[in-house]
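Undergrad: Prediction below, plus the sequence it came from.
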Amino acid sequence: MSEVLVVVDHVDGAVKKPTYELLTIAARLGEPSAVFIGSAAQGAQVAEAVKAYGAEKVYVVDDAQIKGYLVAPKAEVLQQLVAKTSPAAVLIQSSAEGKEIAARLSVKISSGLITDAVDVQAGGITTQSVFAGNFTVNAKATQGTPVITVKPNSAAPVEKAAAGAVEQFDAVISDAAKTAQIVASQPRQASGRPELTEAAVVVSGGRGTGGDFTSVEAFADSLGAAVGASRAAVDSGWKPHTFQVGQTGKTVSPQLYVAAGISGAIQHRAGMQTAKTIVAVNKDEEAPLFELVDFGVVGDLHAVLPAATAQIEAR
Ligand code: FAD
C-alpha cells in the first residue's frame, strides 16, 4: 500500500488536532506517514502522539538549518520526501502557511493541487464548498501526486494504534529557498480559550452586541468555547480579524455554534453552516439565521446570554 504523507501541524512539538484529522483521512487513501519539520529533539514526542492516530512512519526533519525562514524550504523538504517515497497523496492543513507550502510543492513536482477540501474519499475524490457554500464541488487531481489541503474539522479524528516508526530525513535545502527570513515575530496574546478553527464549541457575536462582548465571552467561557465574530463586529473594530467567521474569515465546523446578534448573511453562513448544532440569539424573529438554526432564541443577547451562563455555572 502506498504511503500518504501528512504534514504535522504543531507548536514547538505539541501536535495540533487538525493533524489527527488528516491522519484519519490519509488512512482512506493508503498508509499514513507523518512528516514532522521541527526540532529533532521533539521527534520522539511527536511520534508518540501521531502513532495513536494511525501514523505507521514518522519522518523527522530537523529544522535547525531552515528555522526562521518562510515557507519555501519546507516545500523543498516535501519535494525530496515525495521523490523518496512516491506517496499516493500529500495532505496539508488549510492554513495560510499550509496552502502556500502546498502551492509551491505542487509546482515543484508538477502535480494537481486541491485546496480547502472539506472531505477526501478513497481514490482521492475531494469535496470543496465554493461560492460562499452555495455549491459543492467534487474534484480529483489528474496529474502526479495529488497535493491536497484540508480544512480543520473536516473529519472526526479516529484513534488507531500504529507503529510510528521514526526515520530521520536529511533534506538538502538550496540557497534559493532561503531568500525570505522572519526578522521579528510577536506571539499572539494567549486568551486561554481554544483555537477558533479547532474548538468543539464556538460562541460568536455580531453587530447586535453593540461592541460589548462581555456576555458573549462569559457565555463562551462557561462552555470552554472559542469566541468568534461577524465581519460587522470586526469592521467596527470590536474584535481583530483573527476572530472573523465567514467567507473572508475563518471556517469553523464545531459541535455547537452559537451566534449572538448576528443576522445570518450568506457570507457569515459560509464560515459556520457545517456546524453540527447551530443556535442563534437575536431580538428580531425575522433574522435570516433563524432559517438555518437547530435552536433559536428571540431576545436581547445581553439578557439571554447572562441567564444561560448563570444556568450553566449553577450545574
Ligand atoms: P447585521 O447584519 O447588522 O445584524 C445584526 C443582528 O443583530 C440583527 O439581526 C439584529 O436583529 C441583531 N441584534 C441587534 N441588537 C441585538 C440584541 N441586543 N440582542 C440580540 N440581537 C440583536 N460577514 C461575516 O460575518 N463574515 C465574513 O467573512 C464576511 N465576508 C464578506 C465578504 C464579502 C465579499 C461581503 C460583500 C460581505 C461579507 N460579510 C461577511 C458581511 C456580511 O454580508 C454581513 O454584512 C455581516 O455578516 C453582518 O454582520 P452582523 O450579522 O453582525 O450584522
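TA: Perfect, thanks for sending it.
Undergrad: Summarise which helices and strands the lowest-mean-pLDDT helix or strand in the chain is packed against.
TA: Least confident helix or strand of the chain, by mean pLDDT, DSSP states H and E, is strand 125-130 with a mean of 90. Here strand 125-130 touches strand 113-121, strand 135-139, going by 3 or more Cβ pairs under 8 Å, 6 or more residues apart in numbering; DSSP states H and E. The way it works is simple: take the backbone N, C-alpha and C, and place the C-beta from them, glycine included.
Undergrad: Let me have the ones you listed in JSON lines, extended by mean pLDDT, mean neighbour count and distance to residue 150.
TA: Below are the helices and strands packed on strand 125-130 laid out as JSON lines (pLDDT from 0 to 100; neighbours: other Cβ atoms under 10 Å; distance: least, Cβ to Cβ, whole Å):
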{"stretch": "strand 113-121", "mean pLDDT": "94", "mean neighbour count": "20", "distance to residue 150": "5"}
{"stretch": "strand 135-139", "mean pLDDT": "92", "mean neighbour count": "12", "distance to residue 150": "13"}
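Undergrad: Ramachandran angles for the residue nearest to residue 182 when sequence neighbours are not counted?
TA: Spatial nearest neighbour of residue 182, excluding adjacent residues (Cβ to Cβ, 6 or more residues apart in numbering): residue 68 at 5.3 Å. For residue 68, the backbone dihedrals are phi 90, psi -10 (criterion: degrees, to the nearest 10).
Undergrad: With residue 17 instead?
TA: Residue torsions, per degrees, to the nearest 10, at residue 17 are phi -50, psi -40.
Undergrad: now residue 157
TA: phi -60, psi 130.
Undergrad: May I have the predicted confidence score for the nearest residue to it once chain neighbours are set aside?
TA: Setting aside the residues directly before and after it, residue 157 is nearest to residue 20 in space (Cβ to Cβ, 6+ apart), at 3.5 Å. With respect to pLDDT, residue 20 scores 97.
Undergrad: Would you agree residue 20 falls within a strand?
TA: No. Using DSSP: H, G, I helix; E, B strand; the rest coil, the assignment for residue 20 is helix, not a strand.
Undergrad: Enumerate the residues of the stretch 151-300 of the chain near the ligand.
TA: Contacts of the stretch 151-300 of the chain with the ligand, taken as Cβ under 6 Å from any ligand atom, map to 206-208, 230-233, 244-249, 261-263, 265, 267-268, 271, 281-284, 287, 300.
Undergrad: where in this protein is pLDDT low?
TA: For the chain, the stretches with pLDDT under 70 are 132, 187-190.
Undergrad: Pull out the buried residues from the residues of the stretch 151-300 of the chain next to the ligand.
TA: Buried members of these, counted by 16 or more other Cβ atoms under 10 Å: 206-208, 230-233, 244-247, 249, 261-263, 265, 268, 271, 281-282, 287.
Undergrad: And the spatially closest residue to residue 212 that is not a sequence neighbour, which helix or strand is it part of?
TA: Spatial nearest neighbour of residue 212, excluding adjacent residues (Cβ to Cβ, 6+ apart): residue 302 at 7.1 Å. If you go by DSSP states H and E, residue 302 is part of helix 301-314.
Undergrad: List the contacts of the residue nearest to residue 157.
TA: Residues near residue 20 by Cβ atoms under 8 Å, 6 or more residues apart in numbering: 50, 53, 157.
Undergrad: could you dump those to CSV with distance to residue 125 and neighbour count?
TA: Formatted as CSV, the contacts of residue 20 follow (distance: Cβ to Cβ, whole Å; neighbours: other Cβ atoms under 10 Å):
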residue, distance to residue 125, neighbour count
50, 25, 27
53, 22, 26
157, 21, 18
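Undergrad: which among these gets closest to residue 167?
TA: Set against residue 167, the nearest of the contacts of residue 20 by Cβ to Cβ is residue 50 (13.0 Å).
Undergrad: Could you double-check that the closest one lies in contact with residue 19?
TA: Yes. Contact criterion Cβ atoms under 8 Å: residue 50 and residue 19 qualify, at 6.6 Å.
Undergrad: Find residues that contact each of these two.
TA: 6, 8, 34.
Undergrad: What pairs with the helix or strand containing the last one, parallel or antiparallel?
TA: In the assignment (DSSP H and E), residue 34 maps to strand 31-38. Neighbouring strands of strand 31-38 in its sheet, by DSSP bridges, are strand 3-7 (parallel), strand 57-62 (parallel).
Undergrad: Following element in sequence after it, please.
TA: Taking DSSP H and E, what comes next after strand 31-38 is helix 43-50.
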